[in-house]
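# A structural model of the following input is requested.
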Amino acid sequence: MVNTFDNVKSIRRISASDFRKQEGQDFPIDTIQYAGPEAINFVLLGDGYTAKEQRKFLTAAKNLYNALFTKIPMNKYKKWFNLYAIEVISNESGISHPGVLKNGVYVCPEGSSLPIKTVDTYFGIHFDSYNIHRLPCPNDANKIYNLLKALMPDYEMVGILCNTSEYGGAGGSYLTCTTHSSAPEIFIHEFGHTFASLADEYYAGDSYLGEYANQTANNNSNTIKWKHWWGLSNVGAFPIGGSTKGNGYYKPVNGTCEMEYLNKEFCPVCREAIIESLHNRVKVIAEYEPASDKTITIEQEEITIAITRYYKGTGNKVNFQWLLDGKVLENETTDHLVIKYDSLDASKTSHTVRVKAQEINTFVKDPKHESNHTTTITWRLKLGETVGIEAFAHEDFSIESRSGGLFFKSEKPHAVTIYNLNGHRVAHLNVCGEELINLPRGLYIVDGKKMLVD
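Presented below is the predicted three-dimensional model:
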(Lines give C-alpha, C1' and ligand atoms only; values in the text may rest on other atoms or scores of the structure.)
Protein backbone atom coordinates (compact mmCIF):
# COMPACT_ATOMS: atom_id res chain seq x y z
CA MET A 1 0.00 0.00 0.00
CA VAL A 2 1.28 3.44 -0.85
CA ASN A 3 1.92 5.98 1.89
CA THR A 4 2.22 9.56 0.66
CA PHE A 5 2.74 11.16 4.06
CA ASP A 6 6.38 11.34 5.15
CA ASN A 7 6.22 14.05 7.83
CA VAL A 8 9.70 15.32 6.94
CA LYS A 9 10.51 18.56 8.72
CA SER A 10 14.26 19.03 8.37
CA ILE A 11 17.39 17.09 7.48
CA ARG A 12 20.46 17.67 9.63
CA ARG A 13 23.82 17.70 7.87
CA ILE A 14 26.48 15.97 9.96
CA SER A 15 29.59 13.90 9.25
CA ALA A 16 29.43 10.11 9.54
CA SER A 17 31.85 10.03 12.49
CA ASP A 18 30.02 12.79 14.35
CA PHE A 19 26.70 11.10 13.64
CA ARG A 20 27.91 7.78 15.04
CA LYS A 21 29.27 9.51 18.13
CA GLN A 22 26.06 11.47 18.58
CA GLU A 23 23.83 8.42 18.24
CA GLY A 24 26.03 6.14 20.34
CA GLN A 25 26.29 3.23 17.90
CA ASP A 26 28.47 2.19 14.96
CA PHE A 27 25.84 1.58 12.24
CA PRO A 28 27.94 -1.01 10.31
CA ILE A 29 27.29 -0.86 6.56
CA ASP A 30 27.17 -4.28 4.92
CA THR A 31 27.78 -4.35 1.18
CA ILE A 32 25.68 -7.19 -0.19
CA GLN A 33 26.50 -6.36 -3.82
CA TYR A 34 28.56 -3.69 -5.55
CA ALA A 35 27.94 -3.23 -9.28
CA GLY A 36 29.70 0.06 -9.98
CA PRO A 37 29.71 3.79 -9.23
CA GLU A 38 26.91 4.46 -11.73
CA ALA A 39 24.59 1.78 -10.31
CA ILE A 40 21.55 2.52 -8.13
CA ASN A 41 22.31 2.61 -4.41
CA PHE A 42 19.59 0.62 -2.64
CA VAL A 43 19.90 0.47 1.13
CA LEU A 44 17.86 -1.42 3.72
CA LEU A 45 17.62 -0.37 7.37
CA GLY A 46 16.13 -2.26 10.29
CA ASP A 47 13.76 -1.08 12.99
CA GLY A 48 12.97 -3.05 16.12
CA TYR A 49 16.13 -5.16 15.94
CA THR A 50 18.22 -5.20 19.11
CA ALA A 51 22.00 -5.61 19.14
CA LYS A 52 21.61 -9.38 19.40
CA GLU A 53 19.22 -9.46 16.41
CA GLN A 54 21.40 -7.84 13.76
CA ARG A 55 22.24 -11.15 12.11
CA LYS A 56 18.49 -11.78 11.86
CA PHE A 57 18.13 -8.40 10.14
CA LEU A 58 20.92 -9.14 7.65
CA THR A 59 19.41 -12.50 6.78
CA ALA A 60 16.01 -10.89 6.20
CA ALA A 61 17.58 -8.14 4.05
CA LYS A 62 19.39 -10.65 1.84
CA ASN A 63 16.26 -12.77 1.46
CA LEU A 64 14.18 -9.79 0.36
CA TYR A 65 16.80 -8.62 -2.13
CA ASN A 66 16.95 -12.14 -3.56
CA ALA A 67 13.17 -12.28 -3.90
CA LEU A 68 13.01 -8.93 -5.68
CA PHE A 69 15.51 -9.99 -8.33
CA THR A 70 13.57 -13.11 -9.23
CA LYS A 71 10.53 -11.05 -10.25
CA ILE A 72 10.10 -9.97 -13.88
CA PRO A 73 11.53 -7.54 -15.04
CA MET A 74 13.90 -7.12 -12.08
CA ASN A 75 15.35 -10.58 -12.73
CA LYS A 76 17.29 -8.99 -15.61
CA TYR A 77 18.56 -5.96 -13.72
CA LYS A 78 20.22 -7.06 -10.50
CA LYS A 79 23.60 -5.87 -11.80
CA TRP A 80 22.20 -2.33 -12.07
CA PHE A 81 22.11 -2.05 -8.26
CA ASN A 82 24.51 -1.58 -5.39
CA LEU A 83 22.83 -3.37 -2.48
CA TYR A 84 23.52 -2.36 1.12
CA ALA A 85 22.19 -3.08 4.59
CA ILE A 86 22.89 -0.73 7.51
CA GLU A 87 22.70 -2.28 10.98
CA VAL A 88 20.58 -0.09 13.24
CA ILE A 89 20.20 -1.07 16.89
CA SER A 90 16.90 -0.51 18.68
CA ASN A 91 16.55 -0.61 22.46
CA GLU A 92 13.64 -3.07 22.27
CA SER A 93 12.58 -5.80 19.89
CA GLY A 94 9.45 -5.50 17.79
CA ILE A 95 7.24 -2.72 16.42
CA SER A 96 4.71 -0.51 18.18
CA HIS A 97 0.96 -1.07 17.81
CA PRO A 98 -0.58 2.05 19.35
CA GLY A 99 -4.11 1.53 18.07
CA VAL A 100 -6.62 4.37 17.78
CA LEU A 101 -8.68 5.94 20.51
CA LYS A 102 -12.31 4.76 20.46
CA ASN A 103 -14.72 5.36 23.34
CA GLY A 104 -11.81 6.17 25.63
CA VAL A 105 -9.96 2.96 24.77
CA TYR A 106 -7.11 2.34 22.30
CA VAL A 107 -8.11 -0.38 19.89
CA CYS A 108 -6.84 -1.69 16.57
CA PRO A 109 -8.59 0.11 13.70
CA GLU A 110 -8.93 -3.13 11.74
CA GLY A 111 -9.39 -5.65 14.51
CA SER A 112 -5.95 -7.29 14.65
CA SER A 113 -5.25 -9.53 17.63
CA LEU A 114 -1.79 -7.98 18.00
CA PRO A 115 -1.60 -6.48 21.52
CA ILE A 116 -1.73 -2.72 21.85
CA LYS A 117 1.78 -1.75 22.94
CA THR A 118 4.60 0.75 22.51
CA VAL A 119 8.07 -0.51 21.65
CA ASP A 120 11.22 1.58 22.01
CA THR A 121 12.73 1.36 18.51
CA TYR A 122 15.24 3.56 16.72
CA PHE A 123 12.92 4.90 14.00
CA GLY A 124 9.72 4.61 16.01
CA ILE A 125 7.83 2.82 13.24
CA HIS A 126 4.35 1.73 14.24
CA PHE A 127 1.24 0.12 12.85
CA ASP A 128 -2.15 1.89 12.60
CA SER A 129 -0.78 4.82 10.58
CA TYR A 130 -3.62 6.99 9.23
CA ASN A 131 -6.10 4.55 10.82
CA ILE A 132 -4.85 1.66 8.69
CA HIS A 133 -3.48 -1.18 10.82
CA ARG A 134 -1.27 -2.79 8.16
CA LEU A 135 0.45 0.50 7.30
CA PRO A 136 3.71 0.75 9.32
CA CYS A 137 5.19 4.26 9.28
CA PRO A 138 7.25 6.46 11.63
CA ASN A 139 5.76 9.49 13.34
CA ASP A 140 8.72 11.49 12.06
CA ALA A 141 10.72 10.42 8.99
CA ASN A 142 13.55 12.83 9.82
CA LYS A 143 15.52 10.11 11.63
CA ILE A 144 15.58 8.05 8.43
CA TYR A 145 16.85 10.89 6.28
CA ASN A 146 19.28 12.22 8.89
CA LEU A 147 20.90 8.79 9.09
CA LEU A 148 21.13 8.44 5.32
CA LYS A 149 22.47 11.96 4.89
CA ALA A 150 25.33 11.16 7.25
CA LEU A 151 26.09 7.56 6.32
CA MET A 152 25.01 7.14 2.69
CA PRO A 153 24.17 10.48 1.08
CA ASP A 154 24.19 9.00 -2.44
CA TYR A 155 21.33 6.57 -1.73
CA GLU A 156 18.51 6.37 -4.27
CA MET A 157 16.26 3.71 -2.74
CA VAL A 158 15.67 3.00 0.93
CA GLY A 159 13.58 0.44 2.74
CA ILE A 160 13.00 -0.25 6.44
CA LEU A 161 12.52 -3.81 7.62
CA CYS A 162 10.21 -3.99 10.64
CA ASN A 163 10.98 -6.74 13.15
CA THR A 164 7.52 -8.25 13.47
CA SER A 165 5.73 -11.18 11.89
CA GLU A 166 2.51 -9.13 11.65
CA TYR A 167 1.38 -8.41 8.09
CA GLY A 168 2.27 -4.91 6.92
CA GLY A 169 4.04 -2.70 4.44
CA ALA A 170 4.03 0.75 2.86
CA GLY A 171 5.57 2.53 -0.11
CA GLY A 172 6.34 6.14 -0.88
CA SER A 173 9.58 8.06 -0.52
CA TYR A 174 10.78 5.00 1.37
CA LEU A 175 9.26 1.56 1.75
CA THR A 176 8.52 -0.43 4.88
CA CYS A 177 8.00 -4.16 5.17
CA THR A 178 7.48 -6.57 8.04
CA THR A 179 8.81 -10.11 8.34
CA HIS A 180 5.40 -11.71 7.77
CA SER A 181 5.45 -15.00 5.81
CA SER A 182 4.40 -12.95 2.77
CA ALA A 183 7.27 -10.46 3.30
CA PRO A 184 9.00 -11.14 -0.06
CA GLU A 185 5.82 -10.34 -1.99
CA ILE A 186 4.99 -7.35 0.24
CA PHE A 187 8.51 -6.06 -0.36
CA ILE A 188 8.17 -6.42 -4.13
CA HIS A 189 4.77 -4.69 -4.14
CA GLU A 190 6.05 -1.78 -2.06
CA PHE A 191 9.13 -1.58 -4.30
CA GLY A 192 6.72 -0.92 -7.19
CA HIS A 193 5.35 2.08 -5.30
CA THR A 194 8.68 3.53 -4.22
CA PHE A 195 10.87 2.81 -7.23
CA ALA A 196 8.44 3.35 -10.11
CA SER A 197 5.68 5.45 -8.49
CA LEU A 198 3.11 2.76 -9.30
CA ALA A 199 -0.37 2.98 -7.81
CA ASP A 200 -2.31 0.23 -6.10
CA GLU A 201 -4.56 -1.53 -8.58
CA TYR A 202 -7.05 -2.33 -5.83
CA TYR A 203 -9.27 0.26 -4.17
CA ALA A 204 -7.36 1.69 -1.19
CA GLY A 205 -9.54 4.76 -0.73
CA ASP A 206 -10.52 7.82 -2.74
CA SER A 207 -7.43 9.74 -1.59
CA TYR A 208 -5.21 7.16 -3.37
CA LEU A 209 -6.86 7.62 -6.76
CA GLY A 210 -5.14 9.75 -9.38
CA GLU A 211 -2.99 9.79 -12.48
CA TYR A 212 -0.17 7.25 -12.33
CA ALA A 213 1.64 5.10 -14.87
CA ASN A 214 -0.85 2.30 -14.11
CA GLN A 215 -3.93 4.31 -13.11
CA THR A 216 -5.95 6.90 -15.01
CA ALA A 217 -9.37 8.46 -15.37
CA ASN A 218 -9.20 8.01 -19.17
CA ASN A 219 -10.58 4.77 -20.65
CA ASN A 220 -10.35 5.71 -24.34
CA SER A 221 -8.27 3.05 -26.12
CA ASN A 222 -6.95 5.63 -28.60
CA THR A 223 -5.71 8.14 -26.04
CA ILE A 224 -5.16 6.19 -22.81
CA LYS A 225 -1.58 6.45 -21.56
CA TRP A 226 -0.98 2.72 -22.15
CA LYS A 227 -2.58 2.66 -25.62
CA HIS A 228 0.56 1.00 -27.07
CA TRP A 229 -0.22 -2.05 -24.88
CA TRP A 230 -3.97 -2.09 -25.53
CA GLY A 231 -5.21 -5.57 -26.47
CA LEU A 232 -1.87 -7.23 -25.66
CA SER A 233 -1.60 -9.59 -22.67
CA ASN A 234 -5.21 -8.73 -21.70
CA VAL A 235 -4.40 -5.03 -21.25
CA GLY A 236 -7.41 -2.73 -21.42
CA ALA A 237 -9.16 -0.34 -19.03
CA PHE A 238 -10.76 -1.94 -15.96
CA PRO A 239 -12.52 0.09 -13.25
CA ILE A 240 -10.71 0.27 -9.89
CA GLY A 241 -14.13 0.22 -8.21
CA GLY A 242 -14.77 0.54 -4.50
CA SER A 243 -16.62 3.87 -4.71
CA THR A 244 -18.25 6.22 -7.16
CA LYS A 245 -14.90 7.91 -7.68
CA GLY A 246 -13.16 4.54 -7.90
CA ASN A 247 -15.48 3.47 -10.70
CA GLY A 248 -14.18 6.44 -12.69
CA TYR A 249 -10.54 5.35 -12.48
CA TYR A 250 -9.02 2.51 -14.46
CA LYS A 251 -6.19 -0.02 -14.24
CA PRO A 252 -4.52 -1.89 -17.13
CA VAL A 253 -5.43 -5.45 -16.16
CA ASN A 254 -7.90 -7.07 -13.81
CA GLY A 255 -6.67 -9.27 -10.99
CA THR A 256 -3.39 -10.37 -12.59
CA CYS A 257 -0.88 -7.69 -11.50
CA GLU A 258 1.46 -7.58 -8.51
CA MET A 259 0.11 -4.12 -7.75
CA GLU A 260 -3.32 -5.62 -7.09
CA TYR A 261 -2.59 -9.05 -5.62
CA LEU A 262 0.52 -10.62 -4.15
CA ASN A 263 2.12 -13.65 -5.81
CA LYS A 264 1.43 -12.25 -9.28
CA GLU A 265 3.75 -10.75 -11.87
CA PHE A 266 3.89 -7.08 -12.76
CA CYS A 267 1.58 -6.37 -15.69
CA PRO A 268 3.07 -5.06 -18.98
CA VAL A 269 2.27 -1.45 -18.08
CA CYS A 270 3.95 -1.73 -14.68
CA ARG A 271 6.96 -3.50 -16.18
CA GLU A 272 7.41 -0.67 -18.63
CA ALA A 273 7.19 1.88 -15.79
CA ILE A 274 9.89 0.01 -13.88
CA ILE A 275 12.15 0.01 -16.95
CA GLU A 276 11.44 3.73 -17.35
CA SER A 277 12.58 4.31 -13.79
CA LEU A 278 15.69 2.16 -14.32
CA HIS A 279 16.67 4.14 -17.39
CA ASN A 280 16.00 7.41 -15.60
CA ARG A 281 18.57 6.44 -12.98
CA VAL A 282 21.25 4.56 -14.93
CA LYS A 283 22.92 5.70 -18.14
CA VAL A 284 23.65 2.80 -20.49
CA ILE A 285 27.24 3.91 -21.16
CA ALA A 286 29.37 3.74 -18.03
CA GLU A 287 32.97 3.98 -19.28
CA TYR A 288 34.65 4.78 -22.58
CA GLU A 289 37.98 5.79 -24.04
CA PRO A 290 39.45 8.17 -24.95
CA ALA A 291 37.97 10.87 -22.72
CA SER A 292 35.49 13.22 -24.38
CA ASP A 293 36.19 16.40 -22.43
CA LYS A 294 39.06 17.60 -24.65
CA THR A 295 39.63 17.78 -28.39
CA ILE A 296 41.48 14.71 -29.64
CA THR A 297 44.29 15.29 -32.13
CA ILE A 298 44.71 12.37 -34.53
CA GLU A 299 48.42 11.91 -35.06
CA GLN A 300 48.56 8.37 -36.27
CA GLU A 301 47.16 6.20 -39.01
CA GLU A 302 44.05 5.32 -37.03
CA ILE A 303 42.51 5.61 -33.57
CA THR A 304 39.86 3.53 -31.83
CA ILE A 305 37.00 4.98 -29.80
CA ALA A 306 35.54 2.32 -27.54
CA ILE A 307 32.72 1.89 -25.06
CA THR A 308 34.52 -0.20 -22.46
CA ARG A 309 31.69 -0.74 -19.96
CA TYR A 310 27.96 -0.39 -20.35
CA TYR A 311 24.77 -1.45 -18.59
CA LYS A 312 22.23 -3.83 -20.04
CA GLY A 313 19.72 -6.25 -18.63
CA THR A 314 20.74 -9.89 -18.59
CA GLY A 315 20.14 -11.34 -22.05
CA ASN A 316 19.33 -7.93 -23.52
CA LYS A 317 21.24 -6.07 -26.21
CA VAL A 318 22.53 -2.53 -26.54
CA ASN A 319 22.06 -0.79 -29.86
CA PHE A 320 25.04 1.41 -30.79
CA GLN A 321 24.70 4.02 -33.51
CA TRP A 322 27.83 5.91 -34.58
CA LEU A 323 27.82 9.24 -36.40
CA LEU A 324 30.76 11.02 -38.03
CA ASP A 325 30.22 14.75 -38.60
CA GLY A 326 26.48 14.17 -38.18
CA LYS A 327 26.26 11.35 -40.71
CA VAL A 328 25.19 7.89 -39.53
CA LEU A 329 27.79 5.21 -40.22
CA GLU A 330 25.38 2.50 -41.30
CA ASN A 331 27.79 -0.44 -40.97
CA GLU A 332 29.12 0.51 -37.53
CA THR A 333 26.93 -1.01 -34.81
CA THR A 334 29.40 -2.48 -32.30
CA ASP A 335 30.78 -1.00 -29.09
CA HIS A 336 33.84 0.51 -30.80
CA LEU A 337 34.71 2.56 -33.86
CA VAL A 338 38.02 2.65 -35.76
CA ILE A 339 38.70 6.03 -37.38
CA LYS A 340 41.37 6.21 -40.06
CA TYR A 341 43.28 9.43 -40.51
CA ASP A 342 42.78 9.50 -44.27
CA SER A 343 39.02 8.93 -43.94
CA LEU A 344 38.50 12.39 -42.46
CA ASP A 345 37.93 15.42 -44.66
CA ALA A 346 41.22 17.31 -44.48
CA SER A 347 39.54 20.54 -45.55
CA LYS A 348 37.71 20.74 -42.21
CA THR A 349 39.45 22.07 -39.12
CA SER A 350 37.47 19.87 -36.72
CA HIS A 351 35.27 16.79 -36.69
CA THR A 352 32.78 15.17 -34.33
CA VAL A 353 32.18 11.55 -33.54
CA ARG A 354 29.02 10.70 -31.68
CA VAL A 355 27.67 7.43 -30.34
CA LYS A 356 24.08 6.81 -29.30
CA ALA A 357 23.43 3.79 -27.10
CA GLN A 358 20.12 2.31 -26.10
CA GLU A 359 19.26 -0.86 -24.26
CA ILE A 360 16.82 -2.98 -26.23
CA ASN A 361 14.25 -5.06 -24.37
CA THR A 362 10.79 -6.47 -24.89
CA PHE A 363 9.25 -4.62 -21.94
CA VAL A 364 9.08 -1.22 -23.65
CA LYS A 365 6.64 -0.25 -26.39
CA ASP A 366 6.10 3.44 -25.73
CA PRO A 367 7.91 5.29 -28.57
CA LYS A 368 8.63 8.22 -26.24
CA HIS A 369 10.79 5.96 -24.11
CA GLU A 370 13.19 5.29 -26.99
CA SER A 371 13.86 8.97 -27.66
CA ASN A 372 14.07 9.89 -23.98
CA HIS A 373 16.44 7.14 -22.88
CA THR A 374 19.29 7.12 -25.35
CA THR A 375 22.75 7.77 -23.91
CA THR A 376 24.84 10.00 -26.17
CA ILE A 377 28.59 10.68 -25.99
CA THR A 378 30.37 13.12 -28.31
CA TRP A 379 34.07 13.43 -29.11
CA ARG A 380 35.73 16.38 -30.88
CA LEU A 381 38.57 15.53 -33.27
CA LYS A 382 41.14 17.38 -35.33
CA LEU A 383 43.85 16.21 -37.69
CA GLY A 384 47.47 16.49 -36.67
CA GLU A 385 49.72 18.73 -38.74
CA THR A 386 51.36 16.58 -41.38
CA VAL A 387 54.85 17.89 -42.20
CA GLY A 388 56.60 15.26 -44.25
CA ILE A 389 56.06 12.59 -46.86
CA GLU A 390 58.39 9.73 -47.42
CA ALA A 391 58.44 9.27 -51.19
CA PHE A 392 60.98 8.85 -53.92
CA ALA A 393 60.74 10.35 -57.38
CA HIS A 394 61.27 7.99 -60.23
CA GLU A 395 60.67 8.24 -63.91
CA ASP A 396 57.27 6.63 -63.41
CA PHE A 397 56.36 8.59 -60.25
CA SER A 398 55.72 12.30 -59.59
CA ILE A 399 54.15 14.58 -56.94
CA GLU A 400 52.67 18.05 -57.45
CA SER A 401 51.08 20.49 -55.01
CA ARG A 402 47.45 21.24 -55.74
CA SER A 403 44.71 23.20 -53.99
CA GLY A 404 43.53 21.02 -51.11
CA GLY A 405 46.26 18.42 -51.32
CA LEU A 406 49.05 16.75 -53.25
CA PHE A 407 48.64 15.15 -56.62
CA PHE A 408 50.39 11.82 -57.11
CA LYS A 409 50.99 10.17 -60.45
CA SER A 410 52.55 6.75 -60.89
CA GLU A 411 52.61 4.25 -63.73
CA LYS A 412 53.32 1.42 -61.31
CA PRO A 413 52.15 0.80 -57.73
CA HIS A 414 54.18 2.96 -55.38
CA ALA A 415 54.14 3.06 -51.56
CA VAL A 416 53.69 6.45 -49.88
CA THR A 417 53.91 7.04 -46.12
CA ILE A 418 52.73 10.26 -44.46
CA TYR A 419 54.08 11.36 -41.08
CA ASN A 420 52.81 13.92 -38.62
CA LEU A 421 54.52 16.62 -36.57
CA ASN A 422 55.63 14.13 -33.93
CA GLY A 423 57.03 11.68 -36.41
CA HIS A 424 54.13 9.24 -36.06
CA ARG A 425 52.87 7.60 -39.15
CA VAL A 426 49.56 9.11 -40.28
CA ALA A 427 48.80 7.00 -43.32
CA HIS A 428 50.36 4.47 -45.61
CA LEU A 429 48.96 3.96 -49.08
CA ASN A 430 49.78 2.58 -52.48
CA VAL A 431 49.48 4.95 -55.43
CA CYS A 432 48.93 3.71 -58.93
CA GLY A 433 47.71 6.01 -61.65
CA GLU A 434 46.61 9.50 -60.73
CA GLU A 435 45.38 10.37 -57.24
CA LEU A 436 44.80 13.56 -55.25
CA ILE A 437 45.53 13.10 -51.55
CA ASN A 438 43.54 15.66 -49.52
CA LEU A 439 45.69 17.33 -46.87
CA PRO A 440 45.34 20.35 -44.56
CA ARG A 441 46.89 23.63 -45.59
CA GLY A 442 50.61 23.77 -44.85
CA LEU A 443 54.14 23.28 -45.99
CA TYR A 444 55.27 19.75 -46.91
CA ILE A 445 58.72 18.38 -47.49
CA VAL A 446 58.68 15.85 -50.31
CA ASP A 447 61.90 14.20 -51.37
CA GLY A 448 63.81 17.25 -50.18
CA LYS A 449 61.53 19.75 -51.95
CA LYS A 450 59.09 22.18 -50.35
CA MET A 451 55.47 21.94 -51.49
CA LEU A 452 52.70 24.24 -50.31
CA VAL A 453 49.11 23.05 -49.98
CA ASP A 454 46.63 25.93 -49.89
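# for the stretch 101-250 of the chain, what spans make up the strands?
All strands of the stretch 101-250 of the chain, identified by DSSP state E, counting those that start in this stretch, fall at 105-107, 125-126, 137-138, 157-162, 169-170, 175-178, 238-239, 250-251.
# could those be laid out in a markdown table, adding mean pLDDT and distance to Gln33?
Every C-beta, even on glycine, is put in place using the N, C-alpha and C of the backbone. Compiled in a markdown table, these are given as follows (pLDDT from 0 to 100; distance: least, Cβ to Cβ, whole Å):
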| stretch | mean pLDDT | distance to Gln33 |
| --- | --- | --- |
| strand 105-107 | 91 | 42 |
| strand 125-126 | 96 | 25 |
| strand 137-138 | 94 | 27 |
| strand 157-162 | 98 | 13 |
| strand 169-170 | 96 | 23 |
| strand 175-178 | 97 | 18 |
| strand 238-239 | 98 | 37 |
| strand 250-251 | 98 | 33 |
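# helix or strand for the residue lying closest to Thr304 once chain neighbours are set aside, which one?
Nearest in space to Thr304, with sequence neighbours left out and distances taken as Cβ to Cβ, 6 or more residues apart in numbering, is Val338 at 5.2 Å. Secondary structure assigned from DSSP states H and E places Val338 in strand 336-340.
# and Thr304, by the same measure?
Judged by DSSP H and E, Thr304 forms part of strand 302-310.
# which outside residues touch the helix or strand that comes right after that strand?
Per DSSP H and E, the first helix or strand lying C-terminal to strand 302-310 is strand 317-324. Counting by Cβ atoms under 8 Å, 6 or more residues apart in numbering, the neighbours of strand 317-324 from elsewhere in the structure are 284, 307, 310, 312, 328-329, 332-335, 337, 339, 351-360.
# equivalent analysis for stretch 182-194, please.
Defining contact as Cβ under 8 Å, 6+ apart, one finds that stretch 182-194 is touched by 1-2, 60, 63-64, 67-68, 71, 157, 159, 167-178, 180, 198-200, 258-259, 262-263, 266, 270, 274.
# which of those residues count as buried?
Among the contacts of stretch 182-194, the ones that count as buried by 16 or more other Cβ atoms under 10 Å are 1-2, 60, 64, 67-68, 71, 157, 159, 167-172, 174-178, 180, 198-200, 258-259, 266, 270, 274.
# helix, strand, or coil at Tyr65?
Assigned by DSSP: H, G, I helix; E, B strand; the rest coil, the conformation of Tyr65 is helix.
# er, Glu272 I mean
Following three-state DSSP, the label given to Glu272 is helix.
# now that it has come up, it's in contact with Val364, right?
Yes: assessed by Cβ atoms under 8 Å, Glu272 is found in contact with Val364 at 5.5 Å.
# OK, contacts around Thr417?
The contact partners of Thr417, taken as Cβ under 8 Å, 6+ apart, are 389-391, 425, 427-428.
# okay, Trp226: pLDDT?
Reading off the per-residue confidence, Trp226 sits at a pLDDT of 97.
# tally of neighbours for it?
27 (other Cβ atoms under 10 Å).
# any idea how far Arg134 lies from Cys177?
Distance of Arg134 to Cys177, given as Cβ to Cβ, to the nearest Å: 11 Å.
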